[in-house]
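K.L.:
sequence first, predicted model second:
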Amino acid sequence: MSKSENDNQTKFGLKKLLLILAALIIPVIGPILVIRSKRFKKPGKIIAGIWLALMAVAIFIPTDNNEEQNVNITQEKTQEITEQNKSTVINNNNQTNESSNENNLEHNKQLEIEIKESYEVNNKGELIYKANTNLPKDLDIMFSLEAENEDYYAQSQGKVKKNGYIESDPFSNNGSPLKSANYIINITSPKPSIQPNNIKEIIGENGEKLSGNFISNGMLDFKKEFHLNNKYDIDYFIAEKEDISMPGANRYNWNVVINEPVTPEQMKFISKEIIQKAKQNLDFNALTLMFYDYEEYIGHGYTLGKTTYAPDGDWAKANTVNPGDYSSMEYLFELRNKDWDMQLTEKEVEIWSEIQKEYNIAYENTAATEIIDEDEIHQKVANTFNISKERVSEAHMKKVTWDFNNLSDN
């Protein structure tokens with residue numbers, strides 16, 4: 001082989017190698033160059049054509065797009081999560097802001113004061129005023145009670161309790177039941193500037209956060225008039241005090257007149273009130289209280305009942321203790337539950353009293369063996385009052401029935 005042919009073969013081999021590399025490196029351009037080249041024979045061009053066709057198929061025939069869909073889904077989910085995270089951050093920020101705003105509002109909002117008040121009378125006849133409010137806990141308050149047309153004024157200091165509840169100390173009349181009368185209750189609070197700091201945060205330094213009908217100049221000022229009908233404020237008086245002591249035993253009998261209808265419960269209260277006061281001034285072994293509804297009945301038997309305060313409640317044991325030793329003393333109540341519709345009127349009591357007066361005269365002027373003429377006495381009383389004898393007899397019988405009237409026996 002000549003040198004010229006060797007050079008040509010070398011050039012062809014080099015060119016062929018470059019075309020093959022181009023076909024591998026550049027899948028589309030490489031085969032085209034092989035086909036167009038005059039250096040390749042027919043088999044080489046056929047292979048290049050097949051290669052080019054396969055590349056065309058790979059390029060132009062649609063492929064499975066699951067991977068693309070997965071990529072899209074992944075991108076969508078990533079975007080969704082990102083949006084959710086953004087939303088969560090925003091919501092958290094909003095909640096934080098709302099919580100902060102609520103706290104600010106709690107200390108900045110206007111507090112319109114509401115009060116629902118009432119009162120009660122305890123078993124000592126003392127008045128206790130109370131109310132449900134929306135006032136802040138621990139707020140200092142003052143109850144002031146004044147009686148209209150009466151010489152009475154009292155105060156009770158306190159604080160607002162849990163859930164806005166307020167209650168006064170018991171109001172009494174120097175230890176006695178508060179009188180039935182018209183009263184004015186005034187519930188106030190002191191200057192806001194002297195309230196605790198936690199209270200001032202709610203009501204304001206000068207009470208500027210408080211509002212409503214019961215607020216005046218930043219302070220509570222509730223006032224109301226009401227009538228107290230105190231069942232323990234009973235009109236009674238001690239008409240007589242009898243000393244029936246014996247050696248070694250100081251014994252007393254007091255006659256008490258009650259000027260209004262009463263129940264056994266109220267007479268128990270009166271009994272304890274009288275006896276507690278008696279113990280402050282007397283050293284005694286036994287004390288009995290006789291109750292009447294009219295003073296004219298004294299000496300003719302009690303009409304309302306009696307209370308005995310003695311050792312074991314027994315008058316006969318008065319000499320078993322030292323005077324003033326009340327350690328074994330007990331109450332014995334023998335009180336009548338009256339039907340007050342049957343009570344005698346004042347006029348009927350006058351008639352009855354006149355009957356008793358005529359009986360006493362008759363007893364003085366009649367021998368023991370003689371019988372007093374009741375009809376004659378009734379006629380005399382009828383003449384005195386210028387009424388019928390039948391009306392006198394009715395008053396007399398009504399008093400007898402009243403003496404023994406006791407609803408508790410029914």
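P.N.:
Nice, I can see it.
K.L.:
make it CA atoms for all contacts and neighbour counts henceforth
P.N.:
Noted.
K.L.:
now residue 394: which helix or strand?
P.N.:
helix 389-404 (DSSP states H and E).
K.L.:
what's the neighbour count on residue 244?
P.N.:
When neighbours are counted by other CA atoms under 10 Å, residue 244 registers 11.
K.L.:
residue 129: neighbour count?
P.N.:
21.
K.L.:
so what are the sheet partners of the strand or helix carrying residue 220 and their directions?
P.N.:
Residue 220 belongs to strand 219-228 when assigned by DSSP H and E. For strand 219-228, the paired strands and their directions (DSSP bridges) read strand 181-188 (antiparallel), strand 215-216 (antiparallel).
K.L.:
which of the ones you listed is buried the deepest?
P.N.:
strand 181-188 (a mean of 18; mean count of other CA atoms under 10 Å).
K.L.:
next structured bit after the lowest-mean-pLDDT helix or strand in the chain?
P.N.:
Every helix and strand of the chain was ranked by mean pLDDT, DSSP states H and E. The lowest is helix 66-108, at a mean of 48. Toward the C-terminus, helix 66-108 is succeeded by strand 111-112 as the next helix or strand (DSSP H and E).
K.L.:
partner strands of that next one and their direction?
P.N.:
strand 210-211 (parallel).
K.L.:
what's next to the partner strand, contact-wise?
P.N.:
For strand 210-211, contacts defined as CA atoms under 8 Å, 6 or more residues apart in numbering pick out 110-113, 203-204, 218-219.
K.L.:
which among those residues end up buried?
P.N.:
When those are checked for burial by 16 or more other CA atoms under 10 Å, the buried set is 110-111, 113, 203-204, 218-219.
K.L.:
out of those residues, the closest to residue 185 would be?
P.N.:
residue 219 (16.1 Å; CA to CA).
K.L.:
grab the nearest non-local neighbour of the closest one.
P.N.:
residue 189 (5.7 Å; CA to CA, 6 or more residues apart in numbering).
K.L.:
now do residue 227
P.N.:
Nearest residue to residue 227 in three dimensions, chain neighbours excluded: residue 182, at 4.3 Å (CA to CA, 6+ apart).
K.L.:
residues in contact with the one you found?
P.N.:
With CA under 8 Å, 6+ apart, residue 182 has these contacts: 147-148, 225-228.
K.L.:
for PyMOL, write a command that selects the buried ones of the residues you listed.
P.N.:
A single PyMOL command selects the buried members of the contacts of residue 182 (16+ other CA under 10 Å):
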select buried, resi 147+228
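K.L.:
avg pLDDT for stretch 358-371?
P.N.:
Regarding stretch 358-371, the rounded mean pLDDT is 83.
K.L.:
and what of stretch 399-410?
P.N.:
Mean predicted lDDT for stretch 399-410 stands at 87.
K.L.:
same question, stretch 189-201
P.N.:
91.
K.L.:
gap between residue 205 and residue 313?
P.N.:
62 Å (CA to CA, to the nearest Å).
K.L.:
I meant residue 112, not that one.
P.N.:
58 Å.
K.L.:
need the three-state assignment for the closest residue to residue 283 other than its chain neighbours.
P.N.:
Distance criterion CA to CA, 6+ apart; nearest residue to residue 283, sequence neighbours excluded, is residue 324 at 4.1 Å. At residue 324 the chain is in coil, as set by DSSP: H, G, I helix; E, B strand; the rest coil.
K.L.:
return the set of buried residues in stretch 402-410.
P.N.:
Quick answer for stretch 402-410 (16+ other CA under 10 Å): 402-403, 405-406.
K.L.:
mind putting the residues you listed into JSON lines with distance to residue 362?
P.N.:
Below are those laid out as JSON lines (distance: CA to CA, whole Å):
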{"residue": "402", "distance to residue 362": "24"}
{"residue": "403", "distance to residue 362": "23"}
{"residue": "405", "distance to residue 362": "28"}
{"residue": "406", "distance to residue 362": "32"}
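K.L.:
which one of these is nearest residue 298?
P.N.:
Using CA to CA, the buried residues of stretch 402-410 come closest to residue 298 at residue 403, 12.2 Å.
K.L.:
how much space separates that closest one from residue 396?
P.N.:
11 Å.
K.L.:
and if you look at residue 404?
P.N.:
Residue 404 sits 14 Å away from residue 396, taking CA to CA as the criterion.
K.L.:
can I see the domain layout of the protein?
P.N.:
The chain breaks down into these domains under automatic domain parsing: 3-57, 70-105, 111-228, 236-336, 342-409.
K.L.:
would you list the phi and psi of the residue nearest to residue 219?
P.N.:
phi -130, psi 150 (degrees, to the nearest 10).
K.L.:
OK, contacts around it?
P.N.:
By CA under 8 Å, 6+ apart, residue 189 lies in contact with 139-142, 219-221.
K.L.:
please repeat the previous calculation with a cut-off of 10 Å.
P.N.:
139-143, 157-159, 195, 215, 218-222 (CA atoms under 10 Å, 6 or more residues apart in numbering).
K.L.:
so for the strand or helix carrying residue 270, mean pLDDT?
P.N.:
Element membership for residue 270, per DSSP H and E: helix 264-281. For helix 264-281, mean pLDDT rounds to 95.
K.L.:
just checking, next helix/strand downstream of it?
P.N.:
Helix 264-281 is succeeded, C-terminally, by strand 286-292 (DSSP H and E).
K.L.:
thank you, goodbye.
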